[in-house]
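Participant: Take a look and give me a structure for this.
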Amino acid sequence: MGGGVILWTAGLKGVPKELYEAATIDGANRWQQFWKVTLPLLRPIIVLVIVMGTIGTLQVFDQIYLATAGGPLGTTLTPVYVVYREALGTQGPIQMGYGSALAFILAAIIFVFTFLQRRFIERGAEMY
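Facilitator: Residues are numbered from 1 along each chain as shown. Predicted coordinates:
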C-alpha cells in the first residue's frame, strides 16, 4: 500500500498548477477540475497501481506461509503457496514438474490479467 501512496503523491505533484488556473479562469469548479484535469492526468498512475496491485495479490506467499501455512482446510491457499507446497513436497512427495507447470500457468494468468487491464483501463490514458 505504501508504494501506491508514493505513486499517487508523485502523480498529484506532477499535475501542473497552470492547468488548474486555466480551468478556474474558464469557470470550472473544484469537482469539474478533478474530473477534467486531475483524473485524466493521473490515469497512467491509476493503471500502474491497479496492475501492480493485481500482480502483488496473485503472488502473496509470506503472509500465508507465516500465519496459517494454508489455513484450516486450505481456505487460505494462494497460487504461489500451492507452487511452493507441490514443488518442495511439504504436504507429500516432491513434484517439481507439477510445481513448475503451476508456476508457468500462474505466469500466463498474470500476463493475461496485465494485458487485459492495460488494454481496457489504459484506453484514453495518453500522456499530455
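Participant: Report the buried residues of stretch 69-83.
Facilitator: Buried positions in stretch 69-83, judged by neighbour count with 16 or more other C-beta atoms under 10 Å: 70, 78-83. All C-beta spots, glycine's among them, are computed from the backbone N, C-alpha and C.
Participant: Which strand or helix spans Val112?
Facilitator: If you go by DSSP states H and E, Val112 is part of helix 96-121.
Participant: Can you give the distance of that helix from its chain's centre?
Facilitator: Averaging C-alpha positions (C-alpha atoms, centre = their mean, to the nearest Å) puts helix 96-121 13 Å from its chain's average.
Participant: ditto for stretch 48-56
Facilitator: 1 Å.
Participant: And the contacts of it?
Facilitator: 3-4, 7-8, 110, 113-114, 117-118, 121 (C-beta atoms under 8 Å, 6 or more residues apart in numbering).
Participant: With stretch 3-14 instead?
Facilitator: 38, 41-42, 44-45, 48-49, 52-53.
Participant: what's the spatially most distant residue from the centre of the chain sitting at in phi/psi?
Facilitator: Each residue of the chain has a distance to the centre, and by C-alpha atoms, centre = their mean the biggest one is for Ile25: 36.8 Å. In terms of degrees, to the nearest 10, the main-chain angles of Ile25 are phi -60, psi -40.
Participant: distance of the residue most central in space within the chain from Trp8?
Facilitator: Residue closest to the mean C-alpha point of the chain, counted by C-alpha atoms, centre = their mean, is Gly53 at 2.1 Å. Computed with C-beta to C-beta, to the nearest Å, the distance linking Gly53 and Trp8 is 12 Å.
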